[in-house]
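> curious how this folds, go ahead:
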Amino acid sequence: MSTPAHEHWTDLTVRRPDDVRTITGGRVSLSWQVEKRAGHVDRLMNRTLPADFPGPVERGDAGDVLAVLALSESLRRDLAARRAGDIREAILLGATWTEIAAAIDATPDEARAILRDWTERQHRLHQGEVERGRPLGSDSDRHASVLALIELADDEPMAAGA
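Here you go, the predicted model:
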């Protein structure tokens, strides 16, 4: 199934991470970015095929390498931006700080620091945006609830129903 947004994305030339935008200017899903990156990587891999390879083959060029670099950076940024939210979600779903730390190859305190930094930034954003009449970021209640998650012991899951 194709949509105008996906058709736009499929036809879009990517040379910079900021090129990764939807028709409306929003972020492109991770799966679409990976799919586009894989197409460029496939063409680059085809450069290793012998010149007399039977059948049609599309060989990559400098544009493909630039697209791979730009898409890789865009994916890296998007994944980094989601990291704290994913950590919060893991805690809410019953994971412990020890398990989360193992999943991100860090210590429990390093994992907590990622979430703490994120919630502080979200709270500051909310405070500034409320003055502009826009409810973005984390209000005081949400901020406090995330700080409470940070206080859980390394091997203490969040209480069921909390």
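> all contacts plus neighbour counts: C-alpha atoms, from now on.
Fine.
> please name the residues that touch the most centrally placed residue in the chain.
For the chain, L79 is the residue whose C-alpha lies nearest the centre (Cα atoms, centre = their mean; 2.3 Å). Not one residue lies near L79 by Cα atoms under 8 Å, 6 or more residues apart in numbering.
> can you give me the buried ones in whatever helix or strand it lives in?
L79 is part of helix 62-92 when elements are defined by DSSP states H and E. Neighbour-count burial for helix 62-92, counted by 16 or more other Cα atoms under 10 Å, picks out 64-65, 67-72, 74-75, 83-84, 87-88, 90-92.
> kindly report the same for stretch 91-105.
Applying 16+ other Cα under 10 Å to stretch 91-105 flags I91, L92, A95, T96, W97, T98, E99, I100, A101 as buried.
> now swap in stretch 4-20 and tell me
Using 16+ other Cα under 10 Å as the test for burial, stretch 4-20 gives W9, V14, R15, R16, P17, D19, V20.
> what residues are up against the last one?
The reference is to V20. By Cα under 8 Å, 6+ apart, V20 lies in contact with V14, R27, V28, Q33, L71, S74.
> state the number of residues packed around the second one.
For R27, the tally of surrounding residues (other Cα atoms under 10 Å) stands at 15.
> quick one: low-confidence parts of this structure?
Low-confidence segments of the chain (pLDDT under 70): 1, 129-130, 160-162.
> ok so, going back, make TSV from the contacts of V20 and add distance to W118 to it.
Output for the contacts of V20, formatted as TSV (distance: Cα to Cα, whole Å):
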residue	distance to W118
V14	29
R27	20
V28	22
Q33	24
L71	24
S74	19
